[in-house]
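Asker: I'll drop the sequence and a predicted model, then ask my questions.
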Amino acid sequence: MLYSPFDCVILDGTVVTAADVGRYDIGIRGGKIALLAPARSLATARASRVINAEGAYVMPGGIDAHVHLSEPELFGKGKSADDFTTGSRSAIAGGTTTIIAFAPQGRSDPSLLNILDAMQQKASNVTYCDYSLHLIISNPTRQALDEFKVLRERGVSSVKIYMTYEDLRIQDNQILDVLLQSRVDGITTMIHAENGDMLNWMTEQLESRNLLAPKYHATSRPQILESEATNRAIALSQLIETPILIVHVSSPLAANIIRTAQTHGHPIYAETCPQYLFLTRKALEAPGFEGAKCVCSPPPRDGEADLESIWKGLQNGTFTILSSDHCPFVYEDSVNGKKSAISEDAPLGRFKYIPNGCPGVETRLPLVWSANRLSPQKFVEVTSTNPAKLYGLYPQKGALIPGVSDADLTIWYPESSALEPFPITNSALHHNVDNTPFEGQMITQWPRYTLLRGEVVWDRDNGGVVGKEGYGQFVERGRSEFCSEQPPWDVEKF
Ligand code: URP
Ligand code: ZN
Ligand code: ZN
């Protein structure tokens with residue numbers, strides 16, 4: 001058969017989508033998937049570039065829906081260290097082609113639109129991968145709520161709210177305001193579920209006993225603090241009858257509560273992250289102040305049984321998506337980084353001042369793919385297709401539909417030339433920080449190529465990051481596939 005020329009063909013890959021696995025050739029034209037054809041049938045097709053993917057898994061590019069870049073000081077002391085350039089560079093090197101970052105509303109900002117403008121300005125023309133933004137709502141004024149409609153018009157269809165952090169947390173009545181407006185405007189609400197009052201009280205208890213080292217970060221945030229807030233968030237969502245997504249779930253107790261709500265038919269979605277699949281409290285107990293590298297919230301939990309339980313939740317569908325919660329801080333930085341928690345009177349630091357967050361946008365896919373715990377389809381579902389569906393990017397992203405989907409692809413090494421197991425080392429990563437919580441973790445796979453809209457942007461064996469800063473585009477998002485249109489909420493129903 002004669003085909004008009006392609007910009008690129010990928011030959012004989014094991015092509016994986018959330019639904020299927022099969023051996024195909026892929027033809028790419030104009031940045032889109034143009035054709036999926038039987039393996040080797042495009043071997044003689046004309047193309048500017050040919051990639052032989054014989055025996056290699058070829059998947060829709062990763063979508064990381066939880067990435068903090070260029071944000072001000074919000075999560076305790078310190079400022080996250082990646083901007084849109086360094087964070088997105090790290091993303092493509094790890095097989096991720098689209099990220100959703102955050103635009104945080106300040107406590108005293110009555111409006112959201114200037115916040116969105118400012119963040120778009122920071123990202124525009126400097127980003128290696130495609131990107132979108134969630135609005136963080138910390139001051140749900142009438143004006144801000146009325147602007148949800150404008151967010152939708154501007155292609156932003158999700159907001160995040162917090163139940164903890166002094167600079168961000170909102171009260172239950174305000175959460176209800178946000179949920180009601182989200183229902184009206186078709187916005188997906190992400191909720192950071194930890195009980196802020198319990199946390200403050202626990203922190204006072206530990207501080208008064210001079211228990212200050214990094215490991216007490218985990219002690220200050222026991223599972224009950226996450227499960228209580230999760231339960232409350234679900235109750236609030238049930239009152240408004242609107243879907244929510246609980247972000248970065250670490251607690252098996254919280255996961256069980258989510259599972260129960262789902263089993264009862266409530267539209268509750270959940271996210272987990274690699275740190276809750278690979279790290280335990282032990283990581284926070286590293287000598288000296290080293291444990292600070294793994295301080296994130298919610299914290300890594302106690303032991304192997306907790307990790308197992310989170311893996312189970314991924315396998316059985318309790319977790320809809322797997323994101324990184326990339327929130328990097330420089331360890332050696334005493335002003336804006338992890339070491340800002342160290343003072344003369346607390347040489348091992350005070351856990352309550354350790355900036356919360358870890359880098360992970362680059363290691364998310366390699367860690368989880370190497371673990372070999374998810375079927376290929378499940379892996380694509382939770383790392384690409386479901387984030388696309390949940391956040392209104394599907395089927396432009398997260399799919400390989402000819403004529404429809406962007407040619408965003410992650411291509412792994414073929415089994416036949418499998419890499420020897422090797423450790424993750426920070427020196428090999430492309431973010432802007434001096435640490436990874438996964439240092440030394442053994443893996444067996446890394447993306448060989450990443451393609452974004454048909455262009456090779458990562459070629460591990462031939463130049464590494466070969467994409468261009470500024471090639472990444474803002475992607476306008478629509479309504480979530482998981483958030484169908486609803487009639488007006490009826491106050492008399494309850
Ligand atoms: O510790 C974390 N997770 N830092 C990032 C902020 C957040 O709440 O996602
Ligand atoms: Zn959070
Ligand atoms: Zn986060």
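Answerer: In hand now; what should we look at? Residues are numbered from 1 along each chain as shown. Ligands and ions are numbered 1, 2, ... in the order given.

Asker: now do the phi/psi pair for the nearest residue to Ala144 once chain neighbours are set aside.
Answerer: Spatial nearest neighbour of Ala144, chain neighbours left out: Leu112 (5.2 Å); criterion: CB to CB, 6 or more residues apart in numbering. Every residue, glycine included, has its C-beta placed from N, CA and C. In terms of degrees, to the nearest 10, the main-chain angles of Leu112 are phi -110, psi -20.

Asker: how close does Leu112 get to Ile137?
Answerer: Leu112 is 7 Å from Ile137, where distance means CB to CB, to the nearest Å.

Asker: with neighbour numbers in mind, choose between the two.
Answerer: Using other CB atoms under 10 Å as the criterion, Leu112 and Ile137 rank with Ile137 on top: 29 against 26.

Asker: where does the more buried one fall, phi/psi-wise?
Answerer: phi -100, psi 110.

Asker: hmm, Leu151 and it touching each other?
Answerer: No. In this structure Ile137 lies outside contact range of Leu151 using CB atoms under 8 Å: 10.3 Å.

Asker: overlap of the contact sets of those two?
Answerer: Common neighbours of Ile137 and Leu151, using CB atoms under 8 Å, 6 or more residues apart in numbering, are 112, 159.

Asker: overlap in contacts, Leu112 and Ile137.
Answerer: Joint contacts of Leu112 and Ile137 (CB under 8 Å, 6+ apart) are 105, 144.

Asker: give me the neighbour count for the closest residue to Phe289 other than its chain neighbours.
Answerer: Excluding its sequence neighbours, the residue lying closest to Phe289 (CB to CB, 6+ apart) is Gly349, at 5.1 Å. With neighbours defined by other CB under 10 Å, the count for Gly349 comes to 23.

Asker: what do you get for Pro421?
Answerer: Pro421 has 10 nearby residues by other CB under 10 Å.

Asker: check the one 5 residues further on too.
Answerer: When neighbours are counted by other CB under 10 Å, Asn426 registers 18.

Asker: Pro104 against Ile136, yeah?
Answerer: Yes. Pro104 sits in contact with Ile136 when judged by CB under 8 Å, with a separation of 4.0 Å.

Asker: got any residues that touch both of those two?
Answerer: By CB under 8 Å, 6+ apart, the residues touching both Pro104 and Ile136 are Leu168.

Asker: for the helix or strand hosting Gln205, buried residues please.
Answerer: Using DSSP states H and E, Gln205 sits in helix 196-208. Using 16 or more other CB atoms under 10 Å as the test for burial, helix 196-208 gives 196, 198-199, 202-203, 206.

Asker: residues contacting the spatially closest residue to Trp458 that is not a sequence neighbour?
Answerer: In this structure, Trp458 finds its nearest non-sequential neighbour in Thr450, 3.7 Å apart by CB to CB, 6+ apart. Taking CB under 8 Å, 6+ apart, we find Thr450 in contact with 61, 92-93, 95-97, 409-411, 456-458, 467.

Asker: over to Glu228?
Answerer: Glu228 makes contact with 195, 198, according to CB under 8 Å, 6+ apart.

Asker: that one and Thr320: what is the separation?
Answerer: Applying CB to CB to Glu228 and Thr320 gives a distance of 22 Å.

Asker: and the residue lying closest to Ile224 once chain neighbours are set aside, what element?
Answerer: What sits nearest to Ile224 in space, not counting adjacent residues and going by CB to CB, 6+ apart, is Leu253, at 7.0 Å. Secondary structure from DSSP H and E places Leu253 in helix 252-263.

Asker: which parts of that helix are buried?
Answerer: 252-255, 257-259, 261-262.

Asker: and the end-to-end length of stretch 183-199?
Answerer: From its first residue to its last, stretch 183-199 covers 30 Å (CA to CA, to the nearest Å).

Asker: how about it: buried residues?
Answerer: Quick answer for stretch 183-199 (16+ other CB under 10 Å): 183, 185-196, 198-199.
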